[in-house]
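Asks: Structure for the following, please:
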Amino acid sequence: MNPFKWLLLGLIRFYQLFISPLIGPRCRFYPSCSHYSQEAIQKCGVLKGGWLSIKRIARCHPGNPGGIDPVPDCQHPPSKTPE
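Replies: I've put the predicted structure just below:
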């Protein structure tokens, strides 16, 4: 696994286990922003998944009604080295 991918997924997991329980559910979307970010990075890679995560978190505010917002399918060109 890419070390940056490992680091980002580890940080998200740390947030889910230790920070999120302290502040309670705040996300206006399903799946929650942290689960969305986790899935986006796993499916789309660090750059595109990270960008999708940033855009999603920027939309998660009191002025947005939220709702169901799944991670889009990501098309990767075939690579020579597996992740």
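
Asks: Just want the phi and psi numbers for Phe29.
Replies: Here is the backbone geometry of Phe29 (degrees, to the nearest 10): phi -120, psi 160.

Asks: so who does it touch?
Replies: Residues in contact with Phe29, defined by CB atoms under 8 Å, 6 or more residues apart in numbering, are Tyr36, Arg56, Arg59, Cys60, Gly66, Gly67, Ile68, Asp69. Glycine gets a C-beta too; all of them are placed from N, C-alpha and C.

Asks: Tell me how far it lies from Ile12.
Replies: 15 Å (CB to CB, to the nearest Å).

Asks: and if you look at Pro25?
Replies: For Pro25 relative to Ile12 (CB to CB), the value is 16 Å.

Asks: more crowded one of the two?
Replies: Ile12 (18 against 8; other CB atoms under 10 Å).

Asks: Torsion angles phi and psi at the more buried one?
Replies: Dihedral angles for Ile12 - degrees, to the nearest 10 - are phi -60, psi -40.

Asks: pretty sure it is touching Tyr36, no?
Replies: No: using CB atoms under 8 Å, Ile12 is not in contact with Tyr36, being 9.8 Å away.

Asks: Return the subset of the contacts of Phe29 lying in helices.
Replies: Judged by DSSP state H, the subset of the contacts of Phe29 located in helices is Tyr36, Arg56, Arg59.

Asks: So which of those residues is the closest to Leu8?
Replies: Taking CB to CB as the measure, Tyr36 is the one of those closest to Leu8, at 13.0 Å.
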